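Undergrad: just coords:
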Ligand SMILES: Cc1ccc([C@@H]2N[C@@H](C)[C@@H](O)[C@H]2O)cc1
């Protein structure tokens, strides 16, 4: 393997408490909010078919018109406490907020740019009250930060000339200043979610990024930073040039999920997901497929079953309203979580053979196994093939622990669990499996593991 100065600084999962807490979240909320929300994905009566938060890059969006939008940013309906309460009801354990997206508009009072909330009619800090509201609900806050910043004169896609390099040095100092400022202003933040780090110019900054990451980690011990921040000695992000994970967890799952445990490479990871196919910021006219709570619950369960976190995106409108489609999803997901949260929180991957009826999760606290059923077999028999030397001690519906189910042995380590056909299941349900391992003792008999 290559000798890397700026590659992965750790092999394998972090084992400290803050990362344990992160690993056990299960469900998170992403919030994309900024001046792009004022356009709602339209300009001058025209519909923008791209991702609404990218509307500035649209050829039909005059850049100076976009860059004046902040002078109308005055969200009368912004209610951070209501947002936090809604997230709590949904069952989110953490929230990632865009402090600054690619356009560079800073939602906090930044000393380092005039392109921030203090120079908008709204005038006040957006981030601070949001952090307080989510902290008060017991939901951990993470700060999304886009390194790419179209508003900054020193920003460069690539460094071709000496002038580029000089300008980029200013941009690097600005970037560092804003990040240090964010961590000084919001020290209760548990981590940073970086974006906009794909430019060639940034990929040459292995030394700078490494020093900056070390500085930020020193400011907030245990700070959690994903794989999308640092480039290694050869400009590789996410995985260094030896294939080792950069940062504390993999951030590569954007609008997609791994399909097998092997896909996760045994790393911690999060999947961030839009409700429509590809809209993060507010678009007033969602076209194409809008995901149902059923689909999103399956993605959540699939993520947890593969040792990941699932982060659902919300895009408040220009006045600070949460749109009705998202409010409905938050309610429906929350209703499901209220009944089934034990199969999500502090749960992860179980190495039993994947079955068609759905997903296994296993509690990292008490080892209980959860069968989350999405596709009930027509004969009502859930096939279960355990790992070797496992016996099923007790099987019952999470919603009705008194209803003991008797597994039918098909062959060694394989059973049918008879589901309750008389009960009309209308949403994904959970069967609990309490199991123990058998170790063949000296004389070949079986005894229950202690
Ligand atoms: C090609 C591309 C660049 C940036 C993105 C940003 N990452 C998501 C988390 C959103 O912030 C989106 O604007 C998406 C696609």
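TA: Good, I have the coordinates. These numbers come from a predicted model, not from an experiment. Numbers count the residues shown, from 1 in each chain.
Undergrad: Buried residues, stretch 238-247. List them.
TA: Using 16 or more other CB atoms under 10 Å as the test for burial, stretch 238-247 gives 238, 239, 240, 241, 244, 245, 246, 247. C-beta coordinates here come from the backbone N, C-alpha and C atoms, glycine included.
Undergrad: Taking these together, which two end up most distant?
TA: 241 and 247 (15.0 Å; CB to CB).
Undergrad: Can you classify the residue in the stretch 301-450 of the chain that the ligand sits nearest to by secondary structure?
TA: The ligand sits closest to residue 313 of the stretch 301-450 of the chain, with a gap of 7.7 Å, by CB to the nearest ligand atom. What DSSP: H, G, I helix; E, B strand; the rest coil gives for residue 313 is strand.
Undergrad: for the nearest residue to it once chain neighbours are set aside, what are its contacts?
TA: Distances taken as CB to CB, 6 or more residues apart in numbering put residue 30 closest to residue 313, at 4.1 Å, once the chain neighbours are dropped. Residues in contact with residue 30 (CB atoms under 8 Å, 6 or more residues apart in numbering) are 95, 96, 144, 272, 280, 311, 312, 313, 314.
Undergrad: now with 6 Å?
TA: Shown in contact with residue 30 (CB atoms under 6 Å, 6 or more residues apart in numbering): 96, 272, 311, 313.
Undergrad: Could you export those as CSV, including pLDDT and distance to residue 334?
TA: As requested, the contacts of residue 30 are exported to CSV (pLDDT from 0 to 100; distance: CB to CB, whole Å):
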residue, pLDDT, distance to residue 334
96, 99, 18
272, 99, 19
311, 99, 16
313, 99, 16
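Undergrad: What are the boundaries of the helices in this protein?
TA: Under the criterion DSSP state H, the chain contains helices at 17-23, 63-68, 80-90, 127-136, 162-185, 200-203, 206-219, 293-305, 324-340.
Undergrad: Need the contact partners of the fourth one.
TA: Helix 127-136 is contacted by residues 80, 81, 84, 95, 97, 99, 107, 108, 141, 186, 188 when judged by CB under 6 Å, 6+ apart.
Undergrad: pLDDT below threshold where in the stretch 301-450 of the chain?
TA: Residue ranges of the stretch 301-450 of the chain with pLDDT under 70: 420-423, 440-450.
Undergrad: Go again with 80.
TA: Low-confidence segments of the stretch 301-450 of the chain (pLDDT under 80): 420-425, 439-450.
Undergrad: quick one: contacts for the closest residue to the ligand within the chain?
TA: Closest contact between the chain and the ligand, by CB to the nearest ligand atom, is at residue 280 (4.2 Å). Going by CB under 6 Å, 6+ apart, residue 280 touches 32, 51, 53, 274, 313.
Undergrad: give me that answer again for 10 Å
TA: For residue 280, the contact set (CB atoms under 10 Å, 6 or more residues apart in numbering) comprises 30-33, 36, 51-54, 98, 101, 144, 195, 254-255, 272, 274, 313-315.
Undergrad: hmm, back to that, could I get the buried residues of stretch 238-247 as a markdown table with distance to residue 361 and pLDDT?
TA: Output for these, formatted as a markdown table (distance: CB to CB, whole Å; pLDDT from 0 to 100):
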| residue | distance to residue 361 | pLDDT |
| --- | --- | --- |
| 238 | 25 | 98 |
| 239 | 26 | 98 |
| 240 | 30 | 98 |
| 241 | 34 | 98 |
| 244 | 27 | 98 |
| 245 | 23 | 98 |
| 246 | 27 | 98 |
| 247 | 25 | 98 |
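Undergrad: before we move on, the earlier item: show me which of the contacts of residue 280 are buried.
TA: Buried by 16+ other CB under 10 Å: 30-33, 36, 51-54, 98, 101, 144, 195, 272, 274, 313-315, out of these.
Undergrad: Direction included, what does the top strand by length along the chain pair against?
TA: Determined from DSSP state E, the single longest strand within the chain is strand 429-440. Strand 429-440 has its sheet partners listed here by DSSP bridges as strand 369-373 (antiparallel), strand 390-397 (antiparallel), strand 446-448 (antiparallel).
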